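> Quick check, what structure comes out for this input:
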Amino acid sequence: MLRDERTERILQYVTRNGFARIQEIMDICKVSRPTVLRDLRQLEQEGLLIRTHGGAKSIRKTTAFEPRQSWKENQRAEDKRKIAALAKELVEDGDTILLDSGTTTLMLARELATFKNITVITNDIMIAMTLSGNDDIQLVMPGGQRRKGVYSLIGPFAEMILGQLNVDKAFIGADYVDLERGITNSNIEETTIKKTILDISKKTILLVDSSKFNSVGFVKIADLERVDTVITDEGIHNMPPLLDQMIERNIDVRIAR
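Numbering: from 1, shown residues only. Now for the predicted structure:
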């Protein structure tokens, strides 16, 4: 297991349970005690958990926990790149697309940076900066208030502007995905934007790496069946019941390789 994947799994486990012993982490990640200690030290230095005698405890044992964006950008980067490359294949000449705020959609923006004859709507400052140098892309930002600590624009003004638009395809992200609880997020303010995006789009594509599955966040965005396509990575093969159940529910699942 790669280091980024391992530290993400540790953080999710500690956050979900409030506390984890070193032996538990060793069993989950199949690594040695010194490796676990190094990982816990790194996560504590990044302000994501607190080391204790014999383990680690969560800073916030709550479904509202949300890591900093700078940390999320470095997690599962290769998987996100593959997801973005597969998502790019769904973009056609003349499309009006919407890129939701997030690290995987930012990867998709980089894939689209040389495209021509498309319109891109985004509420993400970093995505807008990535595409702003290409005059062949018509770039639209709804405005709004910047969320503290991240690059997304939120608030009633952003929702009002988005609500007036019509979109061919929306590419959205999410903090967590669960078959029964649906697509959920940690932040309630950003969730209202995502719901607006679902309402204005003819087709919605959910971009999530496999670590996001089987967990639940603070606020529900929508049922999983509400999106047209789910693009994820090969880690989904390690969750055979989940993959089978999504297929049984006629959810279009595409796996990036």
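> for this protein, what spans make up the helices?
3-17, 22-29, 33-45, 69-72, 77-88, 103-112, 125-131, 156-163, 188-200, 240-248 (DSSP state H).
> how about the last one: buried residues?
Using 16 or more other C-beta atoms under 10 Å as the burial criterion, the residues of helix 240-248 that qualify are L242, L243, M246. Bear in mind the C-beta positions are built from the backbone N, C-alpha and C, glycine included.
> Quickly list the domain ranges of this protein.
3-61, 71-256 (automatic domain parsing).
> Can you say which of the ones you listed is packed in most?
Most buried of the domains of the chain by mean neighbour count (mean count of other C-beta atoms under 10 Å) is domain 71-256; its value is a mean of 18.
> rank the domains of the chain by pLDDT, which is bottom?
Lowest mean pLDDT within the domains of the chain: domain 3-61, a mean of 83.
> D209 reaches M107, doesn't it?
No - contact between D209 and M107 fails when scored by C-beta atoms under 8 Å: they sit 10.5 Å apart.
> Now the common contact residues for these two.
K80, I83 (C-beta atoms under 8 Å, 6 or more residues apart in numbering).
> show me the contacts for G54.
Listed by C-beta under 8 Å, 6+ apart, the contact set of G54 reads R21, I22.
> distance of it from G217?
29 Å (C-beta to C-beta, to the nearest Å).
> Look up how far A84 lies from V36.
Taking C-beta to C-beta, one finds V36 at 31 Å from A84.
> what's the answer for A109, then?
Distance from A109 to A84, by C-beta to C-beta: 8 Å.
> One more: E159?
26 Å.
> and stretch 189-207, how far from the chain's centre?
13 Å (C-alpha atoms, centre = their mean, to the nearest Å).
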